[in-house]
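Undergrad: Next come a sequence and a model predicted from it.
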Amino acid sequence: MYPDDLKYTVEHEWVRSPGEHEGSVRVGITDFAQDALGDIVYVSLPEVGDTIESGSTCGELESTKSVSDIYAPVTGEVVARNETLDATPELVNSDPYAGGWLFEVVASDPAQLDDLLEVDAYVATLDG
C-alpha cells in the first residue's frame, strides 16, 4: 500500500529521490492522506522558483470535505509543478504515487532527506 522506495513525513507527504529534474526530489501525498481528504477538487501548489522551508505550508488541497495544507518536506527551490492537476485534481486521489505527484524541489541540503521516515516508521505513525 505504501511504496518502500519513498521517504515519508508525519504530515503524510512522500518524497521520491531523484526527481525528473537534476538534483530534485518529487513530492506528493500518501494514499492515507488522499483517502482521508476525500475527493480532491482543487490543488494550489508553490510556483517554480519559489523557495520553500521544511515544515512550512507551501500549498493547499481542497476536497469536498475540507481544505488541507501541503507542507514542505525539505527546504529548497521548487523546480517543477504538476500542471496536469490544474485540470484534473482527482489524479491525486486515483494515482497518488505517480500521476498525482505535486511538485519537485531541489533541497538546499540533501542531508535533509536523511531526516525523513522510511516506510516502516511512517506506517507506525498511522497505527497510533
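TA: Thanks, I have it. Numbering: from 1, shown residues only.
Undergrad: In the biggest helix by length in the chain, which residues are buried?
TA: Of all the segments assigned as helix in the chain under DSSP state H, the longest by residue count is helix 119-127. Using 16 or more other C-beta atoms under 10 Å as the test for burial, helix 119-127 gives 119, 122-123. C-beta: built from backbone N, CA, C; applies to glycine.
Undergrad: Who are the contact partners of Asp5?
TA: Arg16 (C-beta atoms under 8 Å, 6 or more residues apart in numbering).
Undergrad: Quick check: the gap between it and Arg26.
TA: As defined by C-beta to C-beta, to the nearest Å, Asp5 lies at a distance of 12 Å from Arg26.
Undergrad: Give the residues shared as contacts by these two.
TA: Listed as contacting both Asp5 and Arg26 by C-beta under 8 Å, 6+ apart are Arg16.
Undergrad: Could I get the full set of helices for the chain?
TA: Applying DSSP H to the chain gives helices spanning 31-37, 84-87, 91-94, 119-127.
Undergrad: Restrict stretch 112-128 to CA atoms and write it as CSV.
TA: Taking only C-alpha atoms (Å, rounded to 0.1, in the frame of the first residue of the first chain), the coordinates of stretch 112-128 have been written out as CSV:
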residue,chain,number,x,y,z
GLN,A,112,17.6,16.8,4.9
LEU,A,113,16.4,13.6,3.2
ASP,A,114,18.0,11.5,5.9
ASP,A,115,15.6,13.0,8.4
LEU,A,116,12.5,11.7,6.6
LEU,A,117,10.8,8.5,7.5
GLU,A,118,11.3,5.1,6.0
VAL,A,119,8.1,3.2,5.1
ASP,A,120,8.0,1.1,8.3
ALA,A,121,8.4,4.2,10.5
TYR,A,122,5.7,6.0,8.5
VAL,A,123,3.2,3.1,8.8
ALA,A,124,3.9,3.0,12.5
THR,A,125,2.7,6.6,12.8
LEU,A,126,-0.7,5.6,11.3
ASP,A,127,-1.3,2.9,14.0
GLY,A,128,-1.1,5.5,16.8
